[in-house]
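> sequence plus predicted model, see below.
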Amino acid sequence: MPERRLAAYTMMVLAGVLGWGSLLLFMGFLCVGSLNVVDLAMNTRNALFLDAGLCLLFFVQHSVMVRKSYRRWQARRVPAEYGDAVYAICSSLVLLALVVFWQRSEQTIVVFGGACRVPFHALFLLSVAGFAWGIRSFRHFDPFGMTPVRHRLRGTQPRPQPFVAVGPYRWVRHPLYLFMLLMIWSCPALTMDRLLFNLLWTGWICVVGTILEERDLVSAFGDTYRQYQREVPMLIPYRRPQRVASLDRPSKEAEPR
């Protein structure tokens, strides 16, 4: 029906534009610090409270909407094929809000200038390359939930895609989180607001992004994933890369939340 096709195309455009736009802005934020898009002229204390609130808003949205219980609730109100796209759109909007309304602190802890900035920028670029490497390890990577919408338009059913631990997934179980942590700490200017950001996001990634996700993956894949846990480190590649068994589907780690 024309109305359904229009809704599907609208969902895909929104997910793609908002997804890539928020991701590029966030990468700029990680590289240079606050973009100071909206300056609310707050004192340091209020600015840090606002910044912390923006981080917590993203953490809650990102973690709640990926839970199975929420997905079941959403499926009763939104067509199942739109579920991943709705998640991507909401995540992108919250991430945009974080970048746009983030308040820069005037208190500086340490700033590296001149040639001292080169190693930090090099680390950032290498981390971006590693992040891209991790993404390319998934042949059917779909960060913005467009594949189910395309199948809805074609009247087909998506095939379950097997996940094989290749590329950086042979070194660590969560390479995208590892490279994200490196990007987070690669900014050469460490202000009070950036330190707050680094600490909050590091804690969230290490606790919610890995430990809770590991619990979901064990629940989904059972002994197969337990074997993967035994053979491959979580975040720090301190062992030789392993050849591991295939899983039934890819981890949701790579999707924006």
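The structure has been received and is ready for your questions.

> how far off centre is the longest helix seen in the chain?
Longest helix in the chain, counting residues (DSSP state H): helix 2-32. The chain centroid and the centroid of helix 2-32 are separated by 14 Å under CA atoms, centre = their mean, to the nearest Å.

> list the buried ones in it?
Within helix 2-32, the residues that qualify as buried are 8, 11-12, 14-16, 18-19, 22-23, 25-26, 29-31, counting by 16 or more other CB atoms under 10 Å. For every residue, glycine as well, the C-beta is placed using N, CA and C.

> which residue in the residues you listed has the weakest pLDDT?
pLDDT across those is at its lowest for residue 8, which sits at 79.

> pretty sure that residue is touching residue 149, no?
Yes. With contact defined as CB atoms under 8 Å, residue 8 counts as touching residue 149 (5.1 Å).

> let me see the residues that make contact with stretch 175-187.
By CB atoms under 8 Å, 6 or more residues apart in numbering, the residues outside stretch 175-187 that reach it are 27, 30-33, 120-121, 123-124, 126-128, 130-131, 133-135, 167-169, 172, 194, 197-198, 201-202, 205, 209-210, 235-237, 253-254.

> now it, how far from the chain's geometric center?
A distance of 11 Å separates the centroid of the chain from that of stretch 175-187, by CA atoms, centre = their mean.

> could you point out which element follows the helix or strand containing residue 98?
Using DSSP states H and E, residue 98 maps to helix 83-101. Where DSSP H and E defines the elements, the next helix or strand beyond helix 83-101 is strand 108-111.

> run me through the strand neighbours of that next one, direction for each.
With DSSP bridges as the test, strand 108-111 is paired with strand 189-191 (antiparallel).

> check which residues of the helix or strand immediately after the partner strand in the chain are buried.
Scanning forward in sequence from strand 189-191 by DSSP H and E, the next helix or strand is helix 192-204. Residues of helix 192-204 classed as buried by neighbour count (16+ other CB under 10 Å): 192, 193, 194, 196, 197, 198, 200, 201, 202, 204.

> now do stretch 92-105
Buried-residue list, stretch 92-105, by 16+ other CB under 10 Å: 92, 94, 95, 96, 98, 99, 102, 103, 104, 105.

> measure residue 221 to residue 228 for me?
Here the criterion is CB to CB, to the nearest Å. By it, residue 221 lies 8 Å from residue 228.

> so where is the stretch 51-200 of the chain shaky, pLDDT-wise?
Low-confidence segments of the stretch 51-200 of the chain, defined by pLDDT under 70: 139-140, 158-164.

> and the helices in it?
Along the stretch 51-200 of the chain, counting by DSSP state H, counting those that start in this stretch, helices occupy 68-75, 83-101, 117-136, 146-154, 175-184, 192-204.

> please name whichever of the ones you listed is nearest to residue 215.
helix 68-75 (11.7 Å; CB to CB).
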